[in-house]
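Participant: Sequence plus the predicted model coming up.
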Number of protein chains: 2
Amino acid sequence: MTGSSGKRLYVALIHHPVIDKNGETIASAVTNLDLHDIARVCRTYGVEGYYVITPLKDQMLLVKRILDHWLNGVGRTYNPNRQQALELVRVKATAAEMISEIAEVEGRRPKTVATTARRHAGSLSYRRLRDMLVDPAPIVLAFGTAWGLSDTFMADADFILDPLTGAGTYNHLSVRSAVSIILDRVLGKKFKR
Amino acid sequence: MTGSSGKRLYVALIHHPVIDKNGETIASAVTNLDLHDIARVCRTYGVEGYYVITPLKDQMLLVKRILDHWLNGVGRTYNPNRQQALELVRVKATAAEMISEIAEVEGRRPKTVATTARRHAGSLSYRRLRDMLVDPAPIVLAFGTAWGLSDTFMADADFILDPLTGAGTYNHLSVRSAVSIILDRVLGKKFKR
């Protein structure tokens, strides 16, 4: 599948390994609107595929049932736009399975860019990520649910993206907002600020 | 209340008058995550106030109960960050009541900027809106729920903002995504694209 932009960006929404409010590693529950909102913004910006990562069997089943409603059930005729967005969704138990699948489809292993609300030394700027996307090498942009990606996931990533900053010190965005803003920054048409 | 950025931007989420998928004017139902996601992005970008407009008494009550949980109830101690965001929310029956309240607080009537996914002649660019925000005059950025703001609402607005465009022709974003991206474009710190 070739995106209209020629860019090879994938989005991953990680439900494990993420941390809870106490910093413990958990598997979070899937949120219905994460599927819809993020699929819609992925479709709008020409993302190649949207991976939902959860090792929990019941959560995988839930995602598949929601997708089935919109891709094959009454949702398909009720709102065809939603179908176009949700057909980007793939469900995998682990990030490793996602990486293998993308490597198989693309013919090369994707680089992983982890996102976080915290500042890390040597993090990747939006400008540099935009530049990297000119290259046809596939990239996975990974977002954590709950209180964010675990330290082990961050350590395994190839890059860590600069955190989003707003007007002050408050930056507790929903993952839906973070994906939306970051895709606009790296895939949106340039406009004069 | 003076924002850290010195800008006087308000966000309005309109539940009436908006249109349904057949173009009929309706009053839509309030969505819980619209309150949370949009309040969080408003707080992150230094928005002055987030108005939820609904003429429906039961919907106004619903919003007030959700706010009470997070501002005064157990939500307040469970997640103080959420309280900081949701204290930006004000509920009004009509946009006119909102305009009156802002005019009273600010000492001058705000200009209204309507948002839409459709292209309109003479629409306002993001760059121009950014420039307008240097001025201390208050501005309300209005977003429609359901299938968008009604023609009468659009006709009454002082300005119509350029629609968001992504990689292709698909631009069916959730209102949560649209608010997030637009606030980043007009209030986000400048960065090199």
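Facilitator: Great, that's in hand. All figures in this text were calculated on a predicted structure; none of them were measured in a lab.
Participant: okay, the least confident helix or strand in chain A by mean pLDDT in CSV with CA atoms only?
Facilitator: In chain A, no helix or strand scores lower on mean pLDDT, DSSP states H and E than helix A:74-78, which sits at a mean of 88. Provided in CSV are the C-alpha atoms of helix A:74-78 (Å, rounded to 0.1, in the frame of the first residue of the first chain):
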residue,chain,number,x,y,z
VAL,A,74,-24.4,-1.8,9.7
GLY,A,75,-21.7,0.9,10.5
ARG,A,76,-20.4,0.4,6.9
THR,A,77,-23.5,1.9,5.3
TYR,A,78,-24.4,4.2,8.2
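Participant: counting contacts, what elements does it pack onto?
Facilitator: helix A:80-86 (3 or more CB pairs under 8 Å, 6 or more residues apart in numbering or on different chains; DSSP states H and E). Where you see a C-beta, it was placed from the backbone N, CA and C, and this is true even at glycine.
Participant: Name the residues that touch the helix it packs on?
Facilitator: Residues from elsewhere that reach helix A:80-86 (CB atoms under 8 Å, 6 or more residues apart in numbering or on different chains): A:35-36, A:39-40, A:42-43, A:66-67, A:70-71, A:75-76, B:170, B:172.
Participant: one step back: how about the least confident helix or strand of chain A: buried residues?
Facilitator: A:Gly75 (16 or more other CB atoms under 10 Å in any protein chain shown).
Participant: Give me the contacts around that helix.
Facilitator: Residues outside helix A:74-78 that contact it (CB under 8 Å, 6+ apart) are A:His69, A:Trp70, A:Arg82, A:Gln83.
Participant: what's the most distant pair in the contacts of helix A:80-86?
Facilitator: Put simply, by CB to CB the two of the contacts of helix A:80-86 set farthest apart are A:Ile66 and B:Tyr170, 19.8 Å from each other.
Participant: so for the lengthiest helix in chain A, what's the average pLDDT?
Facilitator: Counting by DSSP state H, the longest helix found in chain A is helix A:57-71. Averaged over helix A:57-71, pLDDT sits at 96.
Participant: CA-only coordinates of that helix in PDB, if you can.
Facilitator: Provided in PDB are the C-alpha atoms of helix A:57-71 (Å, rounded to 0.1, in the frame of the first residue of the first chain):
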ATOM      1  CA  LYS A  57      -7.200 -11.600  24.400                       C
ATOM      2  CA  ASP A  58     -10.500 -10.000  25.500                       C
ATOM      3  CA  GLN A  59      -9.300  -6.600  24.400                       C
ATOM      4  CA  MET A  60      -8.100  -7.900  21.000                       C
ATOM      5  CA  LEU A  61     -11.600  -9.400  20.600                       C
ATOM      6  CA  LEU A  62     -13.200  -6.200  21.500                       C
ATOM      7  CA  VAL A  63     -11.200  -4.300  18.900                       C
ATOM      8  CA  LYS A  64     -12.100  -6.900  16.300                       C
ATOM      9  CA  ARG A  65     -15.800  -6.600  17.100                       C
ATOM     10  CA  ILE A  66     -15.800  -2.800  16.900                       C
ATOM     11  CA  LEU A  67     -13.900  -3.000  13.500                       C
ATOM     12  CA  ASP A  68     -16.300  -5.700  12.200                       C
ATOM     13  CA  HIS A  69     -19.300  -3.400  13.000                       C
ATOM     14  CA  TRP A  70     -17.800  -0.500  11.000                       C
ATOM     15  CA  LEU A  71     -16.100  -2.500   8.200                       C
END
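Participant: Where do the strands of chain A begin and end?
Facilitator: A:9-14, A:18-19, A:25-26, A:49-53, A:89-92, A:111-114, A:139-144, A:159-160 (DSSP state E).
Participant: Which other helices and strands does the second one contact?
Facilitator: Right, strand A:18-19. strand A:25-26.
Participant: Starting from the strand it packs on, tell me which strands it pairs with and how they run.
Facilitator: Partners of strand A:25-26 in the sheet, by DSSP bridges, are strand A:18-19 (antiparallel).
Participant: Do you know the pLDDT at A:His120?
Facilitator: 92.
Participant: And the one 5 residues further on, by the same measure?
Facilitator: Note on A:Ser125: pLDDT of 96.
Participant: circling back to that earlier point, just send the contacts of helix A:74-78 back as TSV, with neighbour count too.
Facilitator: Shown next, in TSV, are those (neighbours: other CB atoms under 10 Å in any protein chain shown):
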residue	neighbour count
A:His69	16
A:Trp70	23
A:Arg82	19
A:Gln83	19
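Participant: ok, so of the residues you listed, who is nearest chain B?
Facilitator: A:Arg82 (7.7 Å; CB to the nearest CB).
Participant: What distance do you get for the closest one to B:Leu164?
Facilitator: 18 Å (CB to CB, to the nearest Å).
Participant: Please name the nearest non-neighbouring residue to A:Arg109.
Facilitator: In space, and not counting its chain neighbours, A:Arg109 is closest to A:Ala103: 4.5 Å by CB to CB, 6 or more residues apart in numbering or on different chains.
Participant: The one you found reaches A:Pro110, doesn't it?
Facilitator: Yes: A:Ala103 is in contact with A:Pro110 according to CB atoms under 8 Å; the separation is 6.8 Å.
Participant: Those two: which is more packed in?
Facilitator: The residue with more neighbours, out of A:Ala103 and A:Pro110, is A:Pro110; 23 against 13, by other CB atoms under 10 Å in any protein chain shown.
Participant: what's near enough to touch the nearest residue to that one once chain neighbours are set aside?
Facilitator: Counting by CB to CB, 6+ apart, A:Pro138 is the residue found nearest to A:Pro110 once chain neighbours are left out, at 3.9 Å. Residues in contact with A:Pro138 (CB under 8 Å, 6+ apart) are A:Arg8, A:Leu9, A:Tyr10, A:Glu48, A:Ile102, A:Glu106, A:Arg108, A:Pro110, A:Lys111.
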